[in-house]
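Visitor: The sequence and its predicted three-dimensional model are supplied below.
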Amino acid sequence: MPTLVDIQNLDFAYGQQLVLKHIDLAIEAGSTLGIIGPNGGGKTTLMRLLLGLYRPRRGHITIAGLTPRQAIARGDLIGYLPQLPRAAAGFPMNVRQVVQMGLVGKTGMLRSFSPIDLRFVEELLEKIGLRSQADVPVGELSGGQQQRVFIARALAPRPKLLLLDEPTTGVDRAAQQLFIDSLQDLQRTLGLTVVLSSHDLRAVSAIADRIACLNLTLHYHDRPQDMPPELVYRMFACDLAASGLAARPAIQGAPS
């Protein structure tokens, strides 16, 4: 498969504090990459670099041959779901209107949406299981339902790349499984390339066909099932200690 995202020799720092060092990463079109790592390991920073919000100190990123800022300006190349998106109970827009908001970057603020794009929005509502609730105020939905609405909003312009930042945080286990099932179906039917960062190794392992362990540098990039279990505990030792759990050797699989 061709490479959609190419990161070469990337460094990034906040002031004098180096956060990402010598990152080389190629993401194939149509693949799903899960990025895991401890708090402060650079996951969100890498997401922001992919979104063109930051510029590398050294090295470069290309997305479909464009810089991240050029890719974002296209409006139909990158979709993004930020961490913990929530609508207040009194938010005045319904589900359909929120999903249609995803078309603004593609069409512009003052232009009407095309019939083809509006039909695609209806297809997305069907795929995420909320067609019957399309006219319901989005603030009345559960956290898991809102999450699916915001994913549909990110997909409305039919991007090639979907970026998800901690998508399973704040939703219960049943909603997480529904999210996983919905995302896998959308990835297959739309031919998406998906990059998600998460602390939830179970979710990442269930979704991703490649996994990257990030903590300042890239410690691992391969299939989830081939990742050495001891690497997981070494990567997350500080987080486990902070939560009162002692790091221990893994038998098979991931930490709870």
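Guide: On my side now, so go ahead. Numbering: from 1, shown residues only.
Visitor: How about the secondary structure of the spatially most central residue of the chain?
Guide: Residue closest to the average C-alpha location in the chain (Cα atoms, centre = their mean): residue 164, at 1.3 Å. Secondary structure, DSSP: H, G, I helix; E, B strand; the rest coil: residue 164 is strand.
Visitor: what is it paired to in the beta sheet?
Guide: With DSSP bridges as the criterion, residue 164 is bridged to residue 81, residue 196.
Visitor: For it, give its distance to residue 187.
Guide: 11 Å (Cβ to Cβ, to the nearest Å). Placement of C-beta: from N, CA and C, glycine included.
Visitor: for residue 96, same thing?
Guide: The gap separating residue 96 from residue 187 is 23 Å, by Cβ to Cβ.
Visitor: Comparing those two, which residue is more hemmed in?
Guide: Just comparing residue 96 and residue 187: by other Cβ atoms under 10 Å the higher neighbour count belongs to residue 96, 22 against 18.
Visitor: Contacts only, for that one.
Guide: Contacts for residue 96 were tallied using Cβ atoms under 8 Å, 6 or more residues apart in numbering; they are 121, 125, 134, 135.
Visitor: what about the last one, how many neighbours?
Guide: For residue 135, the number of neighbouring residues by other Cβ under 10 Å comes to 9.
Visitor: Now residue 223: closest residue in space, sequence neighbours ignored.
Guide: Once flanking residues are discounted, residue 223 sits nearest to residue 210: 6.5 Å by Cβ to Cβ, 6 or more residues apart in numbering.
Visitor: shared neighbours, residue 164 and residue 187?
Guide: What both residue 164 and residue 187 touch, as defined by Cβ under 8 Å, 6+ apart, is the set residue 194.
Visitor: before we move on, what SS does residue 38 have?
Guide: Going by three-state DSSP: residue 38 is coil.
Visitor: Tally up the residues packed near residue 211, please.
Guide: Residue 211, neighbours per other Cβ under 10 Å, totals 22.
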